[in-house]
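Colleague: fold the stuff below for me.
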Amino acid sequence: MDFVMKQALGGATKDMGKMLGGEEEKDPDAQKKEEERQEALRQQEEERKAKHARMEAEREKVRQTIRDKYGLKKKEEKEAEEKAALEQPCEGSLTRPKKAIPAGCGDEEEEEEESILDTVLKYLPGPLQDMFKK
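Modeller: Residues are numbered from 1 along each chain as shown. A predicted model of the protein is given here:
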């Protein structure tokens, strides 16, 4: 009967023992092979990172030449300037800054309107000028 079972299963009898909970055969070089594989993976990862770092450095050079050519600023520089501009007037204040009120409380606007009105009246015929002056 054993002969028939061995013939039916072929070389799978060794694997059947492992599946049923038997002990696996240990390869004496397995530890060494695993360490070599891990080292190869580490080396590939380092090479990949170095390659990407070189590529990014080249891209940054191109970006910088474009910035210099057109007078643009980096995002970080823009954000830092905007942040500094926002913080500067608001130091010590819990609310937003008040709008500056011009001297004379709007008298200047009325004077400007009168000067514009006078300019328009100069171009009108005489009877219309008298009518608007009254």
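
Colleague: from here on, just use CA atoms for contacts and neighbour counts.
Modeller: Fine.

Colleague: give me the below-cutoff pLDDT ranges for this protein.
Modeller: Scanning the chain for pLDDT under 70 picks out the ranges 1-6, 8-25, 87-114, 133-134.

Colleague: strands of that one, residue ranges please.
Modeller: All residues of the chain lie outside strands when identified by DSSP state E.

Colleague: please enumerate the helices of it.
Modeller: For the chain, applying DSSP state H gives helices covering 2-9, 13-19, 30-70, 75-87, 107-122, 126-133.

Colleague: please tabulate those in TSV and include mean neighbour count as additional columns.
Modeller: Shown next, in TSV, are the helices of the chain (neighbours: other C-alpha atoms under 10 Å):
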stretch	mean neighbour count
helix 2-9	10
helix 13-19	12
helix 30-70	12
helix 75-87	11
helix 107-122	12
helix 126-133	10
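
Colleague: how much space separates Lys74 from Glu56?
Modeller: Lys74 sits 15 Å away from Glu56, going by C-alpha to C-alpha, to the nearest Å.

Colleague: likewise for Leu41?
Modeller: Using C-alpha to C-alpha, we find Leu41 at a distance of 22 Å from Glu56.

Colleague: Glu81 too?
Modeller: Distance of Glu81 to Glu56, given as C-alpha to C-alpha: 25 Å.

Colleague: and what of Gln38?
Modeller: Taking C-alpha to C-alpha as the measure, Gln38 falls 27 Å from Glu56.

Colleague: likewise Lys122?
Modeller: Distance from Lys122 to Glu56, counting by C-alpha to C-alpha: 67 Å.

Colleague: then Pro127?
Modeller: Using C-alpha to C-alpha, Pro127 is found at 77 Å from Glu56.

Colleague: and Arg42, by the same measure?
Modeller: With the distance defined as C-alpha to C-alpha, Arg42 ends up 21 Å from Glu56.

Colleague: repeat for Leu86
Modeller: 32 Å.

Colleague: ditto for Tyr70
Modeller: For Tyr70, the distance to Glu56 equals 21 Å [C-alpha to C-alpha].

Colleague: and if you look at Lys26?
Modeller: To Glu56, Lys26 is 46 Å away according to C-alpha to C-alpha.
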